[in-house]
Structure formats: C-alpha cells, structure tokens
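Novice: Please work out how this folds:
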Amino acid sequence: MKPAFLIVGLGNPGKQFTKTRHNAGWLALDTLADEIKATQYEDKQKFLCWAAEGEIQGVPVLLVKPTTFMNLSGHCIKKLVDFYKLNPTTQLLVLCDDIDIPRGTHRLRMTGGPGTHNGLKSIVEIFGENFPRHRIGIGPKSDTVDLAAWVLSAMTPMDLKVMQPAFKAVLDSVKEVMKSQK
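Specialist: Now for the predicted structure:
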C-alpha cells in the first residue's frame, strides 16, 4: 500500500520508555491505530521505524513510530517522505508531547517552531517549520526537576487517564489536516 498520508508519533524505543511523558506521541498513535483498526506494527528497518497501515475516510495512511530515539526522528520521516514522494506540508501529521500546555489537553498547529522539543527540532532541521503537529500536553515540570528527567519519567495511571482525551482527539486532527489540504 502506498500511503497518501503519514501520521508519526514521536517517542523513544525500549521498554523503559513505554509509558513515559516523552512517549505521548506513541501512546496517541496506538489509540488511533485501535480506533481505525490498523494492521499490527511491523519493523521497517529500511525506514528506521515500526509502521502500521490503515485508512481514514478512504485515505490510506501509514502510522509510524520512529526507532531512532527522539532527537533523530527527522531521519526516519525523511526516508519515508522521500520513498513515498510525499509532501510534509500536506501529507504529514506529527504527534508529540508538550510541556508548555496543560496535561491532557492538545493543540493542533499547522506550522511553528520546535520550542524545546528535540524530536521536533530534528524534523524542523530537515523540513523547516511547515508541517502539521498535534501537541499533547504533559503539563509543566516542577522547578526542582530536570527537564530530561521529567519527560523521561513514567506517567502514573491517573496521568494516563487524564491524557486519554488528547490521545482520542488525534483522529479529529488527522481529519482536519486532510480537509484543510483539499
């Protein structure tokens, strides 16, 4: 299947990162995969990712979890965009965590800078700022905690429960991005 749209959840590979705040993009992607009844994720070493296929409103989509670690996410996306000859401005949606918005909320942005997010920095370095992103609020860290320690810490069951509406909102964000590009 040739996808007409890429949905990329940012996160870090490895069991120790599974339910960390920084893997909110992967968790949201898993929620979307369940909602659209996507195929099982397969290891796509050629593209440095795990990928699953699905369809949204008749459009073939590829759900992607880069396996490059967060700060190199752009390399995976570039391989996919180049191979499938896609336009990242109109055929890509990136899902990521955001410490600057309240926990459990979300924000769809069609363009913008990466802020302090190393995964977004990697993508911006390759494609520039013109690609849609669904930012998932993980809330601000306390002043006594290092930023890296905060985003790499595991979410509590209550955190995961509060995050569910932001995860479920991804499908609406995908539809909005697709609609705006017609």
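Novice: And the next helix or strand past the lowest-mean-pLDDT helix or strand in the chain?
Specialist: Ranking every helix and strand in the chain by mean pLDDT, DSSP states H and E puts helix 147-151 at the bottom, with a mean of 88. Later in the chain than helix 147-151, the nearest helix or strand by DSSP states H and E is helix 157-168.
Novice: what comes up buried for that following helix?
Specialist: Buried residues in helix 157-168, counted by 16 or more other C-beta atoms under 10 Å: 159, 162-163, 166-167. From N, CA and C alone the C-beta is placed, and that goes for glycine too.
Novice: other SSEs contacting it?
Specialist: helix 24-36, strand 133-137 (3 or more C-beta pairs under 8 Å, 6 or more residues apart in numbering; DSSP states H and E).
Novice: and E35, what does it touch?
Specialist: Neighbouring residues of E35 by C-beta atoms under 8 Å, 6 or more residues apart in numbering: 168, 171.
Novice: Adjust the sequence numbering to begin at 33 for everything that follows.
Specialist: New numbering, starting at 33: the last item is E67.
Novice: what separates it from N44, distance-wise?
Specialist: According to C-beta to C-beta, to the nearest Å, E67 stands 23 Å off from N44.
Novice: The residue lying farthest from the centre of the chain: which element?
Specialist: Going by C-alpha atoms, centre = their mean, the residue of the chain most distant from its centre is T176, 27.7 Å out. Using DSSP H and E, T176 maps to neither a helix nor a strand.
Novice: Please apply the same query to V209.
Specialist: Assigned by DSSP H and E, V209 falls in helix 202-212.
Novice: correct me, but R139 touches C128?
Specialist: No - the pair R139 and C128 fails to qualify as a contact (C-beta atoms under 8 Å) at a distance of 10.6 Å.
Novice: Identify the contacts common to the two.
Specialist: 166-167.
Novice: Which of those two has more residues huddled nearby?
Specialist: For R139 and C128, the more surrounded residue by other C-beta atoms under 10 Å is C128, and the numbers stand at 27 against 16.
Novice: Can you give the strand pairings for the strand or helix carrying that one, parallel or anti for each?
Specialist: Per DSSP H and E: C128 is located in strand 124-130. Paired neighbours of strand 124-130 in the sheet (DSSP bridges): strand 37-41 (parallel), strand 165-169 (parallel).
Novice: Turn those into TSV, columns for mean pLDDT, distance to G90 and mean neighbour count.
Specialist: Below are the strands paired with strand 124-130 laid out as TSV (pLDDT from 0 to 100; distance: least, C-beta to C-beta, whole Å; neighbours: other C-beta atoms under 10 Å):
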stretch	mean pLDDT	distance to G90	mean neighbour count
strand 37-41	97	11	27
strand 165-169	95	21	26
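Novice: mind showing which ranges of this protein have poor pLDDT?
Specialist: 214 (pLDDT under 70).
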